[in-house]
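Q: Okay, sequence plus prediction incoming.
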Amino acid sequence: MAEFSEQLNREIDDAAELILSAKYLVGLTGAGVSVESGIPPFRGPGGLWTKHGEPPMDGYQRFLAELEKLGILKCLITQNVDNLHRAAGSVNLAEIHGNFMLDRCISCGSRFRRGEISLEVLPPRCPKCGGLVKGDGVAFGEPIPLDVLALCQSETDKSDCMLVAGTSAMVYPAAAFPQEVWRRGGSLIEVNLYESELTRICWISLRGQTGTILPELLSGIKVKVK
Ligand SMILES: [Zn+2]
């Protein structure tokens with residue numbers, strides 16, 4: 001069990017209330033959560049993990065998948081490409097920067113599991129439309145796939161509360177989604193190790209690791225729905 005300050009416990013409780021009063025909760029996660037699950041440069045002396053203690057390997061992904069199963073989280077927008085949200089069971093998922101386990105047809109947008117498309121004939125072709133197939137990951141400077149962007153937009157439009165976890169949400173287009181919810185009068189909850197650009201417009205900022213705060217938030221929510 002994580003030891004939280006009284007203030008943080010109170011804020012987590014407030015966040016649970018706010019989430020339960022929301023009509024359409026959307027989550028936004030970013031590279032921060034992947035960092036916590038083990039990108040090597042963040043380990044070692046002076047690294048994030050050493051300073052703040054090692055988080056459970058999959059705490060935050062499980063939390064968000066479970067929140068979706070409970071019918072509370074409606075959609076998860078993520079900047080991660082590591083497939084961990086899918087692996088944890090998230091279903092309504094918008095992967096802004098793609099998924100490194102998938103290939104994508106650049107003509108019709110169909111996704112295929114890695115290995116499904118034969119590389120015997122190059123360039124690889126889409127079995128549905130004959131278009132070129134590439135990795136689903138969105139390279140720097142490459143446009144976000146239109147279907148993903150449309151999903152993000154429609155879910156953001158419906159959202160009256162956004163839970164932003166493990167991202168400073170500074171990179172567009174992801175940065176625009178919480179701002180849009182806020183402009184419409186919706187509420188923002190942030191879970192982040194550090195203060196971010198978003199902090200000043202958040203109703204609640206939970207300062208700490210997503211891997212320890214999110215499971216606590218989930219317990220808080222479960223107690224209240226019982
Ligand atoms: Zn195609």
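A: Cool, got the structure. Numbers count the residues shown, from 1 in each chain.

Q: drop to CA atoms for contacts and neighbour counts, all remaining ones
A: Will do.

Q: Contact partners for the spatially closest residue to Leu132 that is not a sequence neighbour?
A: Distances taken as CA to CA, 6 or more residues apart in numbering place Arg125 nearest to Leu132, at 4.8 Å, with adjacent residues excluded. Neighbour list for Arg125: Cys105, Ile117, Gly131, Leu132, Val133 [criterion: CA atoms under 8 Å, 6 or more residues apart in numbering].

Q: Across the sheet, point out what pairs with the nearest residue to Ile72 once chain neighbours are set aside.
A: Take Ile72 and drop its neighbours on the chain: the residue closest to it by CA to CA, 6+ apart is Leu25, 6.6 Å away. On the basis of DSSP bridges, Leu25 is bridged to Leu73, Cys161.

Q: pretty sure Leu25 contacts Glu155?
A: No. Using CA atoms under 8 Å, Leu25 is not in contact with Glu155, being 9.2 Å away.

Q: Neighbours of Arg184, how many?
A: 11 (other CA atoms under 10 Å).

Q: Check what pLDDT it gets.
A: For Arg184, the model assigns a pLDDT of 97.

Q: Distance-wise, check it relative to Leu198.
A: 15 Å (CA to CA, to the nearest Å).

Q: helix, strand or coil for the residue of the chain most remote from its centre?
A: With distances taken from the mean C-alpha point of the chain and given as CA atoms, centre = their mean, the most distant residue is Val121, at 35.5 Å. Val121 falls in the coil class when you classify it by DSSP: H, G, I helix; E, B strand; the rest coil.

Q: so how far is the ion from it?
A: To the ion, Val121 is 16 Å away according to CA to the ion, to the nearest Å.
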